[in-house]
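>>> task: produce atomic coordinates for the following.
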Amino acid sequence: MSNQPIQKDKMKKVLRWLSENVAAHPDKRRIELLREAEIRFDLSPRECCFLDENFSHSLGEKSD
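Numbering: from 1, shown residues only. The predicted model follows:
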C-alpha cells in the first residue's frame with residue numbers, strides 16, 4: 001500500500017459525484033459506480049481502498 005495522503009478536496013468531489021449518481025441511477029450497482037469514480041477521478045490505490053472499505057459494504061454489496 002502506498003503512503004500517499006488522501007486528498008480531501010478530491011474525495012469530497014468523488015463523494016458528491018457518487019451521491020448524485022446513486023440518486024440519478026438507482027438501478028446501477030454501487031460497486032459499478034465506485035469503479036467508475038475510481039477511474040474518472042484518477043484515484044490512487046489508497047483512495048480506492050478507502051472507498052471500497054467505507055462504502056461498498058455499507059451499501060450492502062461485496063467488492064468484486
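>>> sketch out the low-pLDDT regions of this structure for me.
For the chain, the stretches with pLDDT under 70 are 1-5, 57-64.
>>> what ranges does it have for its helices?
For the chain, applying DSSP state H gives helices covering 8-24, 30-40, 45-51.
>>> please spell out which residues along the longest one are buried.
Of the residues in helix 8-24, those with enough neighbours to count as buried (16 or more other Cβ atoms under 10 Å) are 14, 18, 21. Where you see a C-beta, it was placed from the backbone N, CA and C, and this is true even at glycine.
>>> again with the second one
Buried residues in helix 30-40, counted by 16+ other Cβ under 10 Å: 30, 31, 33, 34, 35, 37, 38.
>>> what's that helix packed up against?
helix 8-24, helix 45-51 (3 or more Cβ pairs under 8 Å, 6 or more residues apart in numbering; DSSP states H and E).
>>> any idea of the angle it forms with helix 8-24?
140 degrees (axes from the mean of the first three to the mean of the last three Cα atoms, to 10 degrees).
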